[in-house]
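Chemist: The following block contains a protein sequence and its predicted model.
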4 protein chains.
Amino acid sequence: MKPEAGFIGLGSMGLPMAQRLLAAGVRLTVFNRTAAKAQPLIENGAILAQTRADAAVPGGIVFTMLADDAAVESVVVGEQGIARRLAPGGIHVSMSTIAPSTARLLARYHAEQGSTYVAAPVLGRPERAASGQLVVCTSGPVAARETVRPLLDHLGQAIYDYGEEPGAANVVKLSANFMIAAAIEAMAEAFAMVERNGIDRLRVAQMLGQTLFACPLYQSYGEMVAAKRHTPAGFKLLLGLKDLDLVLKTAGQARVPCPTASVVRDRILSGLAHGRENLDWSALALGVLEEAAIEVG
Amino acid sequence: MKPEAGFIGLGSMGLPMAQRLLAAGVRLTVFNRTAAKAQPLIENGAILAQTRADAAVPGGIVFTMLADDAAVESVVVGEQGIARRLAPGGIHVSMSTIAPSTARLLARYHAEQGSTYVAAPVLGRPERAASGQLVVCTSGPVAARETVRPLLDHLGQAIYDYGEEPGAANVVKLSANFMIAAAIEAMAEAFAMVERNGIDRLRVAQMLGQTLFACPLYQSYGEMVAAKRHTPAGFKLLLGLKDLDLVLKTAGQARVPCPTASVVRDRILSGLAHGRENLDWSALALGVLEEAAIEVG
Amino acid sequence: MKPEAGFIGLGSMGLPMAQRLLAAGVRLTVFNRTAAKAQPLIENGAILAQTRADAAVPGGIVFTMLADDAAVESVVVGEQGIARRLAPGGIHVSMSTIAPSTARLLARYHAEQGSTYVAAPVLGRPERAASGQLVVCTSGPVAARETVRPLLDHLGQAIYDYGEEPGAANVVKLSANFMIAAAIEAMAEAFAMVERNGIDRLRVAQMLGQTLFACPLYQSYGEMVAAKRHTPAGFKLLLGLKDLDLVLKTAGQARVPCPTASVVRDRILSGLAHGRENLDWSALALGVLEEAAIEVG
Amino acid sequence: MKPEAGFIGLGSMGLPMAQRLLAAGVRLTVFNRTAAKAQPLIENGAILAQTRADAAVPGGIVFTMLADDAAVESVVVGEQGIARRLAPGGIHVSMSTIAPSTARLLARYHAEQGSTYVAAPVLGRPERAASGQLVVCTSGPVAARETVRPLLDHLGQAIYDYGEEPGAANVVKLSANFMIAAAIEAMAEAFAMVERNGIDRLRVAQMLGQTLFACPLYQSYGEMVAAKRHTPAGFKLLLGLKDLDLVLKTAGQARVPCPTASVVRDRILSGLAHGRENLDWSALALGVLEEAAIEVG
């Protein structure tokens, strides 16, 4: 018998993820606020749900990949929300990057309704989603995690578990995004110093990507920052603000000062003030150039 | 005929580098303020110079690997300084991490005396020096760079040239060290947030080292930071202050604000205030724990 | 005929403010979640409302002085909320420090119910509230501001108007609190440098308070910071976090990077991590000492 | 008998200070690298020294008011330096803002030559120098301080002693300048938030200058920052960099992290990158506007 699942949220990440599941033989019922986006999935056999509620059946599994905390909440909560529709015994696999505190609230709400919340945020951009090479971080009740694991294996090259606490996976995900942004900022500062000393930024970026920082992340972002080229937007600057705000909120609740996160958030704010919301979030680097009165290009 | 060279400065980096050259068949005349440190080299055939001047001959090549700007200056300048002793036509290969502005001054001084200054600072810790796997960044007159290149090949896995400007190689080297320190700080902040949320720091460090940040630098520093273990000191915290001071000085002269470099310098200062000068410079991470009132361990 | 008003929120600020109004001859109906706090007012002729709704009458005036955005919202909104109870024509004078964006939402809500929201946050500590020497910043519809002005004159030594936009007064208030906190941080850094150089912190604080910074704010906070004495708490550190969070949120929505505000927030977080939530918010200065390994005292 | 003294350094501060001494009846021998600047003093009876050495006599008193550490050193040191020329028993009153560590070195050098170094840096701009209303901070041997005190009384409205340690007075002076710059930065951030919320910056600056921050410093800088007007330059931005560099150096030697000082230095660097070296140092505030994409004016 074919596995079944619902999938809500068919944006730049959700769509390729749903396609992976479909291609793996999962019978998928999909829902998106803008139904037209579901078209390529329908053509491959997915069923279109008319409402979020229709994507969930008692005892079933629903994936969500939505823009922010409010969007996830609106799908989960209420009479027609999936928390109630999945009961008894269903599982909500929540893959969006949201506040750990929101994940905790939603997990409790699910439990009250008789369903289960599994946090499963992912690392990776759309092209990795399309090739099933995401990194998936999970947390939540162990039985539910084991149930959904075979499905997650179609989406990610590796799955890392962080225990029962529903907020944990999102804390880890936010840490990762923060560390990426911090690396972009450090490159931006270093390359500005390099440029002002008459040295070719790109050659320095390449050297570092071949030696100390020989990993794809530094290589790809290093080239974008060095070349001052921030399209196409693998991850938009405006979304970067959301993530850094979540980092600072989560760290603040934990009473952990994160000065580097504040530096990065300030750069993002400056980029947004300059109208760069649709550039890749590596465009935060342009603020370093402006401060130093270096040609942005 | 065997190649010949002088080597001044036999500290934790200089000693293994001199040994590499010796093992490669270079006839080496060595000098160190504390002569006893030269013993292992003497046993392998090196000649002990009684003064810095004796390590340099007209038209020859001298390597220096010294603690700071003042130490390099004191070896170069004056009647007995190597700049004059190498003239006419000799080459000083200066491998210490010093201010680009100092490198420029020394290059001019060498030129006035009739010898040549080649900047060749290196990336890598003592164990990489011992195995000849350093990364060497060079700048200076092209003819001199070509002359010393075969010798540098014994020291480094790769040699990156940054042109004629003598300060350039040190700017690149400082950029690299700054980016390492910035990565340590970002990990420290992220792991503190992770720990305060009840998640195992080490498992997060490992995941990141296997996925987004799959390079030895993040893996090794990631484990040190996550484990709060900062011995042995591959690079001492006290030396880290020197490097960050040079970064901020160099960036300041170039009118480039580097807020992340300031954050890192502040962490190093705090570590030194707490008596950690002999720990590895990754111990800057402990300041993040103290600010958040997390057990330093 | 005596003027009448309701007053909700009898904390360390609200109580002396209500007493001022009472002493000025205002017939006051008061409400507080913990009714016992109203006792001194009742003894001076105030009427105790049993519910928030009872503190508001159609066409009347209600002052609120509450802990945070959520508390103000809960008093305003709903069937029993004062927005509806004041309608038609009543005025809510909201004196708490809240987010400008919350003020805007509440103003719209009031307007929908037929009443008016006037923002009137205050500068000053409890002792100034008791002596009627607060500084009051107002914004909102001009007619309503004029109506409540005679009452505000009993509370403040000066009233500054910032126009019709309901959020404006709170933006100004947040600016002021941020500037106070920034001054505390700057003093803390300066005095730490002074102390580590063997100089008497207190004498430096006094000199500055007599010369460049000859205003009560620098004099009083200067002495607290220099003496490392942070009781009694005129304004608690925990409340300081709320204010700095509002500053960073408001500045973020306006796309204005505020690095100093981030530095201050980090100090507050560190102070809270060290259990100082009930000290005066000048205790954020202790984090500077800890970073420099100076005796906190 | 008229008191006598030498005065070296007739810049925007030194000239009015020398005039004060002259007007008070001091027989003044003056020296300036550009002799023409001494003209107004000569016309009032000052004697022009042909060399720095001629401004100093054995057992005499020499004031210096010079641009930076190097300038003071060049006047003090050597065969023709004033340290030797003042011996035996003369006193050098050093009023420039220099590094405390330089002051310590110079004090030792003076002692070796048989003369005495008194540190006496001042707070205040040229117009206060002209009216004798500077604030003078002193440190050094007590007997020498007492000897020069009557002369200093002509220059300052108040003299604050910080003991025998020659570096102390400069530490205090640097603290004061740092606190001014930090106040400018805080205003700049607050007013940017205010402006972006549609509120009149100037009215907020005025309110704060009349209430919480009722001191001339906040009033004058507040108006400059609010009006985005940074001429005339009471203290040039380029000199501000020198002072902040000294603060960070001095704090660094004392192992005291000063994040606010780093924020301010970064703003100054950005201002210099944008060609503002001759504006008043309050122009550091313009960087806040640029980051937020607000019209600089």
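Modeler: Noted; the coordinates are in hand. Numbers count the residues shown, from 1 in each chain, chains lettered A, B, ... in the order given.
Chemist: For the rest of this, base every contact and every neighbour count on C-alpha atoms.
Modeler: Noted.
Chemist: interface residues of the stretch 101-250 of chain A facing chain B?
Modeler: The interface of the stretch 101-250 of chain A toward chain B, taken as CA under 8 Å from any CA of the partner chain, is made up of A:135, A:160, A:162, A:168, A:171-172, A:175-176, A:178-179, A:182-183, A:185-187, A:189-194, A:196-199, A:204, A:207-208, A:211-217, A:250.
Chemist: Now, of these, which are buried?
Modeler: A:135, A:160, A:162, A:168, A:171-172, A:175-176, A:178-179, A:182-183, A:185-187, A:189-194, A:196-197, A:199, A:204, A:207-208, A:211-217, A:250 (16 or more other CA atoms under 10 Å in any protein chain shown).
Chemist: mind listing which of those residues are in helices?
Modeler: Secondary structure assignment by DSSP state H places A:168, A:171-172, A:175-176, A:178-179, A:182-183, A:185-187, A:189-194, A:196, A:204, A:207-208, A:216-217, A:250 of those in helices.
Chemist: Quick check: the closest residue to A:Gly132 other than its chain neighbours vs A:Leu241, distance?
Modeler: Setting aside the residues directly before and after it, A:Gly132 is nearest to A:Leu155 in space (CA to CA, 6 or more residues apart in numbering or on different chains), at 4.4 Å. When CA to CA, to the nearest Å is the yardstick, A:Leu155 and A:Leu241 sit 26 Å from each other.
Chemist: Give me the more crowded residue out of these two.
Modeler: More crowded of A:Leu155 and A:Leu241, by other CA atoms under 10 Å in any protein chain shown: A:Leu155, with 26 against 21.
Chemist: does that one really touch A:Leu134, like I thought?
Modeler: Yes. In this structure, A:Leu155 sits in contact with A:Leu134. The criterion is CA atoms under 8 Å, and the distance is 6.3 Å.
Chemist: Next to chain D, which bits of chain A? Give me the list.
Modeler: On the criterion CA under 8 Å from any CA, chain D has as its neighbours in chain A the residues A:269-270, A:273-274, A:287, A:291-293.
Chemist: Now the two most distant members of the residues you listed.
Modeler: When CA to CA is used, the two most widely separated members of the residues of chain A next to chain D are A:Leu269 and A:Ala293, lying 18.1 Å apart.
Chemist: Show me which of the two is the more surrounded one.
Modeler: A:Leu269 (30 against 19).
Chemist: My guess is that one contacts C:Ala251. True?
Modeler: No. Counting by CA under 8 Å, A:Leu269 does not reach C:Ala251; the two are 9.2 Å apart.
Chemist: what do the two both touch?
Modeler: Residues touching both A:Leu269 and C:Ala251 (CA atoms under 8 Å, 6 or more residues apart in numbering or on different chains): C:Pro257.
Chemist: Distance from the helix-or-strand element of chain A with minimal mean pLDDT to the middle of the chain?
Modeler: The weakest-scoring helix or strand in chain A, judged by mean pLDDT, DSSP states H and E, is helix A:126-130 (a mean of 94). The offset between the C-alpha centroid of helix A:126-130 and the centroid of the whole chain comes to 12 Å, using CA atoms, centre = their mean, to the nearest Å.
Chemist: quick revisit: residues contacting the residue nearest to A:Gly132?
Modeler: When contacts are counted by CA under 8 Å, 6+ apart, A:Leu155 is found next to A:17, A:20-21, A:129, A:131-134.
Chemist: In three-state terms, label the residue nearest the centre of chain A for me.
Modeler: Against the mean C-alpha coordinate of chain A, by CA atoms, centre = their mean, the closest residue is A:Thr97 at 4.8 Å. Under the three-state scheme (DSSP: H, G, I helix; E, B strand; the rest coil), A:Thr97 adopts coil.
Chemist: Identify the residue spatially nearest to it, adjacent ones excluded.
Modeler: Counting by CA to CA, 6+ apart, the nearest residue to A:Thr97 once its immediate chain neighbours are dropped is A:Pro121, at 5.7 Å.
Chemist: For A:Val148, see how far away A:Thr138 is.
Modeler: If you measure A:Thr138 against A:Val148 using CA to CA, the figure is 10 Å.
Chemist: that older thread, switch the contacts of A:Leu155 over to TSV; also include neighbour count and distance to C:Ala55.
Modeler: Conversion of the contacts of A:Leu155 to TSV gives the following (neighbours: other CA atoms under 10 Å in any protein chain shown; distance: CA to CA, whole Å):
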residue	neighbour count	distance to C:Ala55
A:Met17	27	55
A:Arg20	20	60
A:Leu21	22	59
A:Ala129	26	57
A:Ser131	16	63
A:Gly132	22	61
A:Gln133	20	61
A:Leu134	26	57
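Chemist: Mind checking which of those residues land in strands?
Modeler: Of those, the ones assigned to strands by DSSP state E are A:Leu134.
Chemist: can you list the weak-confidence ranges in the stretch 151-297 of chain A?
Modeler: Low-confidence regions of the stretch 151-297 of chain A, defined by pLDDT under 70, are absent; no residue qualifies.
Chemist: who in it is up against chain C?
Modeler: If contacts are counted using CA under 8 Å from any CA, the residues of the stretch 151-297 of chain A sitting beside chain C are A:252, A:255-259, A:262-263, A:265-267, A:269-270, A:272-273.
Chemist: can you do 7 Å?
Modeler: When proximity is defined by CA under 7 Å from any CA of the partner chain, the stretch 151-297 of chain A lies next to chain C at A:252, A:255-257, A:262, A:266, A:269-270, A:272-273.
Chemist: Tally up the residues packed near A:His154, please.
Modeler: Residues near A:His154, counting by other CA under 10 Å, number 22.
Chemist: Quick check: it touching A:Leu21?
Modeler: Yes. Shown here, A:His154 and A:Leu21 form a contact pair, counting by CA atoms under 7 Å, at 6.3 Å.
Chemist: Compute the distance between the closest residue to chain D within the stretch 101-250 of chain A and B:Gly297, please.
Modeler: Distances between the stretch 101-250 of chain A and chain D by CA to the nearest CA are smallest at A:Arg196, namely 10.6 Å. To B:Gly297, A:Arg196 is 42 Å away according to CA to CA.
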